[in-house]
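1. task: produce atomic coordinates for the following.
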Amino acid sequence: MPKVTAKAPSSTANLGPGFDVFGLALDAFYDVITLETTDKESIEIEMKGEYGKIIPLQTESNVAGLVAKKMSEDFKIEQGLKITVDKGVPPGFGLGSSAASAAATVKAFNAIFNLNLDQNSLVKYAAMGEVASAGTMHYDNVSASLLGNFVIVRTEPLSIVRIDAPKDLVLCVAIPKIDVPKKKTEVSRSVLPAQVSLEQLTSNVANACTVVAGFMLKDVELIATGINDAIVEPARMHLIPGYEYVKKNALNAGALAVTISGAGPSMIAFVKDGHDTGKIYKAMEEGFRNANVNSKTVVCKPSDGAKVITTN
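-> A predicted model of the protein is given here:
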């Protein structure tokens, strides 16, 4: 039976002012998805990897399963599938875990059935997988995981711009070892303001434009100048124990900018290559310890997008 394996990277979303618009693929973690056709006319899911045991096996509740089911229905594919998920991206910590599974599944499905789907179609199907974990479709993380590097997402109509990240951009990610609530994305969205002031809006638009200009000009310092959020981050900071300590410590240690990664609770620092990343990530760990929270830190770079790695 045909078999295809694809992998997709972790990602960070928002990058400060770009709520639901900006995404950046990270080489910190990867999900690896293998699809194999079967004669069972059903979808069978096997979970592996460091985080495999905590992911549901039911098709409708599993990101990879939901994506494969929807694509099978839409393209009238009657063959059964065995999906093996090697789960390397930690779920629930603002690092695009569900998006990585969705992106790798879409990439593998497109290859195994020779669908030749265009970019927007791949992104739309990957976004459907977010329903299994977040409850609604989101395009920022899946676009980053699928396409790689920095992405700007417009949803009505769907339009994605991909820009290569500067080669001297380095990220320090600090992941607190805390329990995260089920449907964490819904919880983190529930605290957002229904209305914002004109001053807040103007600030975020200016900062978002600065981030985009920085990526276009390959200027890490300019990117960092724009990573300031007047709307979402102030509303969410209380959900992250040690937030203020982590941010202050990282900036004092030489980080150019620090923000919440996606919906949190991970924090991400933007650094120019050549700076002492060890000093920065140790400062971030110390920040969480000040709130009696242990953490795991990862130093990473922007990543290319999802890719098929084996076929047979």
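2. how far is the lengthiest strand in the chain from where the chain is centred?
-> Longest strand in the chain by number of residues (criterion: DSSP state E): strand 18-38. Centre-to-centre, strand 18-38 and its host chain are 7 Å apart (CA atoms, centre = their mean, to the nearest Å).
3. likewise stretch 249-258?
-> With CA atoms, centre = their mean as the basis, the mean position of stretch 249-258 lies at 22 Å from the chain mean.
4. list the contacts of the residue positioned nearest the centre of the chain.
-> With distances taken as CA atoms, centre = their mean, the residue of the chain nearest its centroid is G96 (2.5 Å). Applying CB atoms under 8 Å, 6 or more residues apart in numbering, we find G96 in contact with 10-13, 23, 26, 89, 141-142, 144-145, 262. Where you see a C-beta, it was placed from the backbone N, CA and C, and this is true even at glycine.
5. got it, and V187?
-> So V187 contacts 181, 239 (CB under 8 Å, 6+ apart).
6. if we can go back for a sec, keep only those of the contacts of G96 that are in strands.
-> 10-13, 23, 26.
7. return the member of those nearest to F215.
-> If you rank the ones in strands among the contacts of G96 by distance to F215 using CB to CB, G23 comes first, at 11.6 Å.
8. gap between M237 and R289?
-> M237 is 18 Å from R289, where distance means CB to CB, to the nearest Å.
9. show me where the chain has strands.
-> Counting by DSSP E, one finds strands in the chain at the ranges 3-14, 18-38, 43-48, 80-86, 150-155, 158-163, 169-176, 257-260, 267-272, 295-300, 307-311.
10. so which of the ones you listed comes closest to M128?
-> strand 158-163 (12.6 Å).
11. can you give me the distance of the closest residue to V196 other than its chain neighbours to N292?
-> Distances taken as CB to CB, 6 or more residues apart in numbering put I231 closest to V196, at 5.3 Å, once the chain neighbours are dropped. Applying CB to CB, the value for I231 to N292 is 29 Å.
12. any stretches of the stretch 51-200 of the chain with poor pLDDT?
-> Low-confidence segments of the stretch 51-200 of the chain (pLDDT under 70): 133.
13. one more time with 80
-> 54, 131-136, 181-186 (pLDDT under 80).
14. still on that earlier bit, closest one to E41 out of the contacts of G96, please.
-> V142 (27.8 Å).
15. tell me how far the closest one lies from A269.
-> V142 is 24 Å from A269, by CB to CB.
16. between those two, point out the one with more neighbours.
-> A count of neighbours by other CB atoms under 10 Å puts V142 above the other of V142 and A269, at 37 against 32.
17. verify the stated contact: that one with V131.
-> No. At 11.5 Å, V142 does not count as touching V131 under the criterion of CB atoms under 8 Å.
18. contacts for stretch 32-49 next, please.
-> 1-8, 31, 53, 55, 57, 59, 62, 64-65, 68-69, 72, 78-88, 101, 104-105, 107-109, 112, 309.
19. now, of the residues you listed, which are buried?
-> Buried subset of the contacts of stretch 32-49 (neighbour count, 16 or more other CB atoms under 10 Å): 4-8, 31, 55, 59, 62, 64-65, 68-69, 72, 80-88, 101, 104-105, 107-109, 112.
20. between the contacts of G96, which is closest to L117?
-> Looking across the contacts of G96 and measuring by CB to CB, the closest to L117 is V142, at 13.7 Å.
21. contact partners for the closest one?
-> Shown in contact with V142 (CB under 8 Å, 6+ apart): 96, 99, 102-103, 123, 126-127, 129-130.
22. then G148?
-> 9, 25, 162, 302-306.
23. may I see the residues you listed organised as CSV, with neighbour count added?
-> What follows is the contacts of G148, written out as CSV (neighbours: other CB atoms under 10 Å):
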residue, neighbour count
P9, 31
A25, 33
R162, 18
P302, 23
S303, 22
D304, 13
G305, 20
A306, 32
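24. quick check: the residue in the chain sticking out farthest from the centre vs V4, distance?
-> Distance from the centre of the chain peaks at D39, with 33.9 Å (CA atoms, centre = their mean). Look at D39 and V4: by CB to CB, they are 17 Å apart.
25. which non-adjacent residue is nearest A255?
-> A269 is the one closest to A255 (CB to CB, 6+ apart), at 3.9 Å.
26. and the gap between the one you found and T34?
-> 34 Å.
27. before we move on, what about K82?
-> 8 Å.
28. what about the helices in the stretch 51-200 of the chain?
-> With DSSP state H, counting those that start in this stretch as the criterion, the stretch 51-200 of the chain has helices at 63-74, 97-112, 119-134, 140-147, 184-190, 198-217.
29. by contact count, what packs against the second one?
-> Under the contact criterion of 3 or more CB pairs under 8 Å, 6 or more residues apart in numbering; DSSP states H and E, the helices and strands touching helix 97-112 comprise strand 3-14, strand 18-38, helix 63-74, helix 119-134, helix 140-147, strand 307-311.
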